[in-house]
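**Student:** Predicted model and sequence follow; I will ask about them next.
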Amino acid sequence: MYLIVQIVQFAAFLAVIGLAFVLVRSAIFARREESDHKEHKERVGSVQTFEHDNDSVADVRAAQKASLNFMGLPSIHAGRTILNVPRFNPEKEGGWEAKRTVITTSRITALLRQGAVPGDLVEFDGNYAMFGTNGKAFLLQSHLLTSKEEETLERERKEAVEKSDPVIPNFQGLSWKIGPACGTHTPRQSGEKSQSTLQVLSVHQDLGKDGIVSCLPPSLLDRREHDYYDMRARTNDGRVMLFFYAGGKWNCFMGRELTGTECQGLQAL
């Protein structure tokens, strides 16, 4: 009987030691991951904000007003349905237009040379999204990148800004010209923010159910302001890219600018 008690006590001791090891290891990994994220963010944030003269915002008030007219509505909430959203591949997707459900809506406040310029990122189902800023609207799709591609774009962004040479000579076989690139902003007056931000404003109530998913990092869905860094670029044939860092990771959306007729055709239910 005494031997059985000793065996049980020893087993319990091993269980406690094993649990402690798991907890300590998890804490070490979590701290290391947090340290890696902090270091990565500092590296990304070390790049100053850049604006190419041809893409600079001349009238901040007009850009702010245009944000209120995005998609013809002063406000768009997750869960709404948008009609007549163009498709990228009509032949493969069954038609030129589709109705899309809004999954998340976010406000991006870019601190540029002339002031704070708002932008609206509306995420749809099917990995589609729309980005509106400064009176322009862009139809985008979430574009997954390999770790190597992320590192390449991050390095190209840094080198382009530091050299004031807004050209990425070869990414996926194309040459890209950088417009604005949000980085660390130098405040023009006391009390002004020094960092562009992204804030998720609304989230679909059934997110995570029935295949309703968001391409954004989960850490961004808390509806708080998060530091935001980006690079906006386009090719000569009209392709556009929104490459941004927020929530501890790089996110990439690629697509094209919508025409005025396409924007006017959008309807919200």
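**Tutor:** Looks like it came in fine.

**Student:** quick one: the strands in the stretch 151-269 of the chain?
**Tutor:** If DSSP state E, counting those that start in this stretch is used as the criterion, the strands of the stretch 151-269 of the chain fall at 167-171, 174-178, 197-203, 225-227, 229-234, 239-246, 249-257, 267-268.

**Student:** so what strands line up beside the shortest one?
**Tutor:** Just to be clear, that refers to strand 267-268. In the sheet, strand 267-268 lines up against strand 81-86 (antiparallel) (DSSP bridges).

**Student:** who touches the partner strand?
**Tutor:** When contacts are defined by C-beta atoms under 8 Å, 6 or more residues apart in numbering, strand 81-86 is touched by residues 71, 76, 96-102, 122, 124, 128, 130, 139, 258, 262, 265-269. C-betas here are computed from N, CA, C, even on glycine.

**Student:** returning to what we had before: burial-wise, tell me which of the strands of the stretch 151-269 of the chain comes out on top.
**Tutor:** Most buried of these by mean neighbour count (mean count of other C-beta atoms under 10 Å) is strand 229-234; its value is a mean of 24.

**Student:** Can you check what angle separates it from strand 174-178?
**Tutor:** Here the directions of strand 229-234 and strand 174-178 differ by 120 degrees (axes from the mean of the first three to the mean of the last three C-alpha atoms, to 10 degrees).

**Student:** Can you tell me what sits against stretch 231-244?
**Tutor:** By C-beta under 8 Å, 6+ apart, the surrounding residues in contact with stretch 231-244 are 55, 108, 131, 138, 140, 143, 153, 157, 168, 174-182, 198, 228-230, 250-257.

**Student:** From one end of that stretch to the other, what's the distance?
**Tutor:** The straight-line separation of the ends of stretch 231-244 (C-alpha to C-alpha, to the nearest Å) is 6 Å.

**Student:** Give me the mean pLDDT for it.
**Tutor:** Stretch 231-244 comes out with an average pLDDT of 92.

**Student:** which intervals of the stretch 51-200 of the chain have sub-threshold pLDDT?
**Tutor:** By pLDDT under 70, the low-scoring segments of the stretch 51-200 of the chain are 51-75, 90-96, 185-192.

**Student:** Helices along that one, start to end?
**Tutor:** Ranges of helices in the stretch 51-200 of the chain, per DSSP state H, counting those that start in this stretch, are 60-68, 90-93, 147-163.
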